[in-house]
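# Provided below are the primary sequence and the corresponding predicted coordinates.
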Amino acid sequence: MLFAAWYFGTKKDKASFLVPIVAIILFIAHPVGRQVWFFSLFWTIPLIIKLLPKKHGEKAFLRSLGATFTAHAVGGAMWNYIVPMTPGAWIDLIPIVIYERLLFAGGITVSFVILNTILNKLDAKTKAEYINVDKKYVLFRHTA
């Protein structure tokens, strides 16, 4: 989750490319991972999203998708070394991963918008300098 939060919170941080790349390398270096190398293609999603133009790559859903696949990359690479699985088991996980990660990305996006809205209201009442709200993701914005 640490790497997912880091991914979500950074804009064009070059170091955020490193996590999925290392996970792909570690996965493919394993004898079973080598047989299902294509499973690690999921982990190119965070890389692709970071390479998108700013107007697309900074959209909350895409950032959420990149974050959840970053967490998946770290977990998947570790799982491959810790839990014995067959190549067939990895292949069977592909549709589950698609569904699961889209669901997680949706949840992250909704949570982000709700939290930004709550913090925006709190900031309006307290005028606190330490609250950082992304105004693009605030519900019920009032323009003066």
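Ah, there it is. This structure is a prediction, so every number in the text was calculated from the model and none was measured.

# Where is the longest helix in the chain?
Counting by DSSP state H, the longest helix found in the chain is helix 87-126.

# which stretches of this protein have low pLDDT?
In the predicted model, the chain carries pLDDT under 70 at residues 12, 124, 128, 130, 141-144.

# still on that earlier bit, list the helices and strands the longest helix of the chain packs on?
helix 31-35, helix 60-82 (3 or more C-beta pairs under 8 Å, 6 or more residues apart in numbering; DSSP states H and E). Where you see a C-beta, it was placed from the backbone N, CA and C, and this is true even at glycine.

# tell me the angle the last one makes with helix 87-126.
Here helix 60-82 runs at an angle of 140 degrees relative to helix 87-126 (axes from the mean of the first three to the mean of the last three C-alpha atoms, to 10 degrees).

# Mind telling me which residue is nearest the centre of the chain?
A67 (1.1 Å; C-alpha atoms, centre = their mean).

# and it, how far is that from G88?
For A67, the distance to G88 (C-beta to C-beta, to the nearest Å) stands at 29 Å.

# ok, now L115?
Counting by C-beta to C-beta - L115 and G88 are separated by 40 Å.

# Neighbour count for the two, which is higher?
A count of neighbours by other C-beta atoms under 10 Å puts L115 above the other of L115 and G88, at 13 against 10.

# I'd like the distance between that one and A60.
11 Å.

# Equivalent analysis for L2, please.
20 Å.

# which one of these two has more residues nearby?
A60 (19 against 10).

# Nearest residue to that one in space, please, no chain neighbours.
Nearest non-adjacent residue to A60, counting by C-beta to C-beta, 6 or more residues apart in numbering: T109, 4.8 Å away.

# Perfect, I'm done here.
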